[in-house]
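**Q** everything below, folded, please.
(chains A, B and C)
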Amino acid sequence: MSVVTQSRPARTAGGRASQARPRRRVSAGRVGRVLALLLLAVMVLFPVYYTVVGSVMGPGDIASSPPSLIPHVLTFDNYRGVFHAIPLGRQYFNSTLVAVTITVAQVVCAVLSAYAFVFLAMPFRRAFFALFMLTLMVPWEAIIIPNYLFMAEHQLRNNYLALMLPFLAGGFGTFLLRQSFRSFPVELRDAATLDGAGHARFLLQILLPLSRPALASVAIFVFLSAWNQFFWPLLVTDSPKMQTLQIGLSSLNDAEQANPGLILAGVTMALIPTALLVALGQRFLVRGLTAGAVR
Amino acid sequence: MKHRLSRTLSAGTVALALTMTVACGSSSKGSDAAGSTNAPGADALNSGPVTVSFWHAMKGANAEALTALVDKFNTAHSGKITVKPTFQGSYDDTITKYKAAVQAKQTPALVQIYDIGSGFMADSGQTIPAQSFADLDKMDLADIQPAIKGYYSRGGKLQSMPFNSSVPVLYINKTAFAKAGLDPAKPPANLDEIRTAAEKIKSSGAAKFGFGAAIYGWFFEQLTAEAGKTYCNNDNGRTKRADAVTFDDPEQVKVLSWWKGMVDDGLATNTGRKTDDAQAAFKSGTVAMHLESTGALGGYITAAAGKFEVATAPFPKIQASDTGGPIIGGASLWIGREGHSAAEQRASWEFGKFLLEPANAAFWHTKTGYFPITKAALNEDIDKQWVAQKPQFKTAIDQLAATPVGVPTQGCLLGTMPQIRALVENALESVLTSSKDPKAALDEAASQAKALIDKYNSSVK
Amino acid sequence: MGRERLLSLALLLPSLAVFALFLFWPLVRTFRLSTTGQDLFGRANRSVGLANFKAVLHDPEFTRVLGVTAGYVLLTVLPSILLALLLALLLQHPLSGLRVLRSAFAMPFAYSVAAASVVFAALFNPAIGIANYLVTSLGFAPVDWLTKPGTALISIAITTIWMSLGYNMLVLLAGIGGVDEQLYEAARLDGAGTLRIAWSITIPMITPTLFFLVVVDTIHALQSFGQIHLLTRGGPTGHTTTLVYWIYHTAFANGASDYGTGSAQAIVLLVVVIAVTAIQFGVLERKVFYR
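**A** Next up, the predicted model:
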């Protein structure tokens, strides 16, 4: 059993064949490429630089005219200021709770439905699947008004339920996991059935452990979308204690215009989890995002 | 891949078409707006302890001052009334949330609503006019600043309890003024004088720009009132519900063309709609004259410390012959009727009355920089000391005292006022940033406003 | 029905329940709301037939909103993908020491819409923003980034391009990594240069990835909200009001609660998104190289 790996070779960014190629000599083209990359890097990374460096600048540096590009005095006042301006800790907690709950729920829902689509006999399978795909076609913004009214009518505004409920299931995860489950070797499944494994055992002990990359892709994708939501939390929350980090950043932006350093300190802190995900989870992420396209 | 996705797509379209045919109009009836507006007497409180849910939009120092006042009230009424304040976000959030609460039948007993939400609240049928309580108690409301009382009245009856009020003034960079050879003791009093002063400031290099203010509809409302003109018909909506705005006065057009001329000639800078950006321009010394509420005074003095001196002058008139004055801004407290017991209603009124007491009004004024609601508050010792420390505030007090009370300075009462303010901002912005004719821009705003008002009025009836 | 069939439906149930309550029912309700008028609190209290649709279609704003929406899609989708393609091609064979650049270029992906918009709002600030400082240091006149009708949409587009660059680049790198190495070897043996290889092998081979990005980025652009809300609130004078922002403006902004008209606009959005996606599949997909 342990010999079985993904039937497809993993497509890591860049391709590993390139590493094996013998190094070429330094050529004019290569120097040009490096220069172009460095120039682009300066352009692309400048906002990142400004975010981090600006967050440790005092008003004398950042809010002066002309502005400084390097801090003359290092200060961490901005970081303290953020906590004074918004309940950042609480909003961090809100964002985490909401995004993690949504991620877990969506992964569970997607596993169940994808399993049903792939491994079980189902009446009206095509119609049901089309229904799932339809959910991907309806822009959330087009149905945001009735959803808002639903929350207002049921007194769910400023409630975690309002932030979570609509997103506990999604078509994307089902679509992606279905793709992954379909490539699962039939022989393995038959062998498991012969061993007397029921659906639960097959799913939990064989299928899921072997589908970890796909599960990770779904989880990271769902987590990022949930974490980054803006329009919906803006509508259904107004007390700062119930707001998510994204809305917190927006109110920092509204309230602290005179002190960009403080806003940037908030951004820097809000960036930490996603920056880590991008740094560590890139491989799964790319695969998840491109599944169905690069094939 | 291709095949499957296109089929999914068409399946989606079919399902959509189905949904379309299923959808058909059936609507629920709105609840009746009318009802008893009788205010309960003091005996309503005899039925045992009562809690007043109180929604507000105050934060920072304002929230701290409010909490102190609530605590004082709760201690004084211990065992009988508990006011429970909850912060609801911005003014806009509060009114949005209030609408949602009406839908869910969960409105607060007392709610703080911004000035331009007054028309909506008066139409909502959800509240009891403060006047009903005052009449019942035979309470004299004459001590409330007339301009403030006027703003929150309809048909001569006070609708809500005035609470936090502010007025706009002309802020001046005294240092730049002196450098340009201008006399800060004789500040410009109308738009043309601001232009003349701006020319001197610019040519002397005392500041980069002579003038700068946010594209903020409030200033247009103020200037209209300063000119003694109405903003909407039916006496600014005070005698009868207004059904159109009155933007056709040449003086109003002049506001836009003057502003455009200032920007085009490099005498003023346009920082857009965000008040923060305009404030930053004044704080950094980039602009020497600036329109803003008295509420910004404290921040300006702090920011200017060591760089320049801040002075204030009365809010400008459009032209020298104008006879009007500024309108009050801020927010007031509305007492809920629908869904609230007589005890809650009465307790809310008691809290509103408490806030009007001179000592409390003076406390509020000095802690927050909002305008004192009653004349008596100005005579409190803490108030006198505070004004002595911030002489710039004196301008606002004198200005309000000199304001003629009348229809123009009461301001316009319209249920769609927030949206109409945005339309005026659109008009001003389009004039400043394109070659749009000021008169055409205002006409367009007026016709868009008409559509909004008609729709609103048809939903009230 | 057999046990397995029942089980299969039971497993779909959690998802279906969520979809029914928060997707399909709201979809139906959007259509119903679009034919109603609202009372002061936004409760539907009368049927108005197609009046809301008439109002939307005859609104002079409507044409501008469609124009802004189309302009925004054009200004964001292609530039972002082309720039990402350039990056991906430059990065495809990692040079020693430059490998770290790949992660660096992916950094914008870590920014949420709110985070990126807030940072660019500071950069574009008229008084103390660095954007104008750089522009004026290069000897140009300062730019009214967010306050001028002609430039505001471009400024928002710049923000969006920056934000989506990291993701687009990662996806394209994945696509390029999947290209058969033998094709490159063959081309090299034929004496093809770097540019030529990129143009006649890499790009044709990754057309499915490019197509995927065009579709996904277009849908994203059509749904953009946060950057517009945080940078311009749809202004100046409506010059950055896209369809989604228009819905917000009608139904929620400035204390509005015109859910009827907002729903009619939402249906326009629905039609536009579905039509654009269908057109992309119809036209673009034919040009895509499939393996």
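**Q** need the three-state assignment for the residue in the stretch 151-291 of chain C that chain A sits nearest to.
**A** Closest contact between the stretch 151-291 of chain C and chain A, by Cβ to the nearest Cβ, is at residue C:212 (3.2 Å). (Each C-beta comes from the backbone N, C-alpha and C, glycine too.) Of the three states, residue C:212 takes helix according to DSSP: H, G, I helix; E, B strand; the rest coil.
**Q** what number of residues lie near it?
**A** Summarising burial for residue C:212: neighbours were counted as other Cβ atoms under 10 Å in any protein chain shown, giving 22.
**Q** surely it is in contact with residue C:174?
**A** No: checked against Cβ atoms under 8 Å, the pair residue C:212 and residue C:174 is beyond contact range at 10.5 Å.
**Q** tell me how far residue C:26 lies from chain B.
**A** 11 Å (Cβ to the nearest Cβ, to the nearest Å).
**Q** what is the neighbour count of that residue?
**A** Neighbourhood size, residue C:26 [other Cβ under 10 Å]: 25.
**Q** in chain C, which helix has the most residues?
**A** helix C:60-91 (DSSP state H).
**Q** whether that one contacts chain B - can you check?
**A** No: Helix C:60-91 does not reach chain B (Cβ under 8 Å from any Cβ of the partner chain); its nearest approach is 8.8 Å.
**Q** what's in contact with the helix or strand just after that helix?
**A** Sequence-wise, the next helix or strand downstream of helix C:60-91 (DSSP states H and E) is helix C:99-106. Outside helix C:99-106, the residues within contact range by Cβ atoms under 8 Å, 6 or more residues apart in numbering or on different chains are A:13-14, A:37, A:40-41, A:44-45, A:278-279, A:282, C:87, C:91, C:94, C:165-167, C:169-170, C:173.
**Q** ok, now stretch B:168-184?
**A** Contacts of stretch B:168-184 (Cβ under 8 Å, 6+ apart): B:187-188, B:194, B:197, B:200-201, B:204, B:206-207, B:218-219, B:222, B:282, B:285, B:287-294, B:296, B:300, B:304, B:307-316, B:326, B:329, B:395-396, B:399.
**Q** now do stretch B:125-136
**A** For stretch B:125-136, contacts defined as Cβ under 8 Å, 6+ apart pick out B:32-35, B:37-39, B:41, B:102, B:107, B:121, B:139, B:141, B:152-153, B:157-161, B:334-338, B:345-346, B:349, B:352-353.
**Q** tell me the buried residues in it?
**A** Burial within stretch B:125-136, assessed by neighbour count using 16 or more other Cβ atoms under 10 Å in any protein chain shown, is assigned to B:125-134.
**Q** re earlier: buried set for the longest helix of chain C?
**A** C:61-62, C:64-65, C:68-73, C:75-77, C:79-81, C:83-91.
**Q** what's the distance between the closest residue to residue B:47 other than its chain neighbours and residue B:51?
**A** Nearest-residue entry for residue B:47: residue B:343, 5.4 Å, with adjacent residues in sequence omitted and distances by Cβ to Cβ, 6 or more residues apart in numbering or on different chains. Note on residue B:343: its distance to residue B:51, by Cβ to Cβ, to the nearest Å, is 9 Å.
**Q** what about the two, which has more around it?
**A** The residue with more neighbours, out of residue B:343 and residue B:51, is residue B:343; 22 against 13, by other Cβ under 10 Å.
**Q** hang on, that one packs against residue B:45?
**A** Yes: in this structure residue B:343 lies within contact range of residue B:45 using Cβ under 8 Å: 5.8 Å.
**Q** what pLDDT is listed against whichever residue of the stretch 1-150 of chain A sits closest to chain B?
**A** Using Cβ to the nearest Cβ, the closest approach of the stretch 1-150 of chain A to chain B is made by residue A:130 at 3.4 Å. Note for residue A:130: predicted pLDDT of 92.
**Q** go on, the one 4 residues further on?
**A** The predicted structure scores residue A:134 at 89 on the pLDDT scale.
**Q** and it, which of the three is it?
**A** From three-state DSSP, the assignment for residue A:134 is helix.
**Q** so what's the residue count around residue A:271?
**A** Based on other Cβ under 10 Å, the number of other residues close to residue A:271 is 22.
**Q** same check, this time on the one 10 residues further on
**A** By the measure other Cβ under 10 Å, the count of residues near residue A:281 is 19.
**Q** now it: which helix or strand?
**A** Using DSSP H and E, residue A:281 sits within helix A:260-290.
**Q** cool, residue A:128 as well?
**A** Counting by DSSP H and E, the element that carries residue A:128 is helix A:125-137.
**Q** and that helix, what does it pack onto?
**A** When contacts are defined as 3 or more Cβ pairs under 8 Å, 6 or more residues apart in numbering or on different chains; DSSP states H and E, helix A:125-137 packs onto helix A:88-119, helix A:171-182, helix B:2-22, helix C:3-19, helix C:259-283.
**Q** let's have those in TSV, adding mean pLDDT, mean neighbour count and distance to residue B:237.
**A** TSV is the format used below for those (pLDDT from 0 to 100; neighbours: other Cβ atoms under 10 Å in any protein chain shown; distance: least, Cβ to Cβ, whole Å):
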stretch	mean pLDDT	mean neighbour count	distance to residue B:237
helix A:88-119	96	20	40
helix A:171-182	90	22	50
helix B:2-22	39	14	41
helix C:3-19	94	18	46
helix C:259-283	92	20	23
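**Q** among these, which is nearest residue A:160?
**A** Closest approach to residue A:160 among the helices and strands packed on helix A:125-137 (Cβ to Cβ): helix A:88-119, 6.5 Å.
**Q** tilt between that closest one and helix C:3-19?
**A** Between helix A:88-119 and helix C:3-19, the angle comes out at 150 degrees (axes from the mean of the first three to the mean of the last three Cα atoms, to 10 degrees).
**Q** do helix A:88-119 and chain B meet at all?
**A** No: if you take Cβ under 8 Å from any Cβ as the test, helix A:88-119 misses chain B, and the best it gets is 13.1 Å.
**Q** so how far is that helix from its chain's centroid?
**A** 11 Å (Cα atoms, centre = their mean, to the nearest Å).
**Q** same check on stretch B:436-448?
**A** Once both centres are worked out by Cα atoms, centre = their mean, stretch B:436-448 turns out to sit 23 Å from its chain's centre.
**Q** what lies in contact with it?
**A** In contact with stretch B:436-448 (Cβ under 8 Å, 6+ apart) are residues B:244-245, B:247-248, B:252-253, B:256-257, B:260, B:420, B:423-424, B:426-428, B:430-431.
**Q** swap the cut-off to 6 Å and go again
**A** B:245, B:247, B:253, B:256-257, B:423-424, B:427, B:430-431 (Cβ atoms under 6 Å, 6 or more residues apart in numbering or on different chains).
**Q** please apply the same query to stretch B:48-64.
**A** Against stretch B:48-64 from outside (Cβ under 6 Å, 6+ apart): B:66, B:80-86, B:88, B:90-91, B:94, B:108-112, B:343-344, B:347-348, B:368.
**Q** buried among those? Need that as a selection in PyMOL.
**A** Applying 16+ other Cβ under 10 Å to the contacts of stretch B:48-64 leaves a buried subset, and the PyMOL line that selects it is:
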select buried, chain B and resi 66+81+82+83+85+88+91+94+108+109+110+111+112+343+344+347+348+368
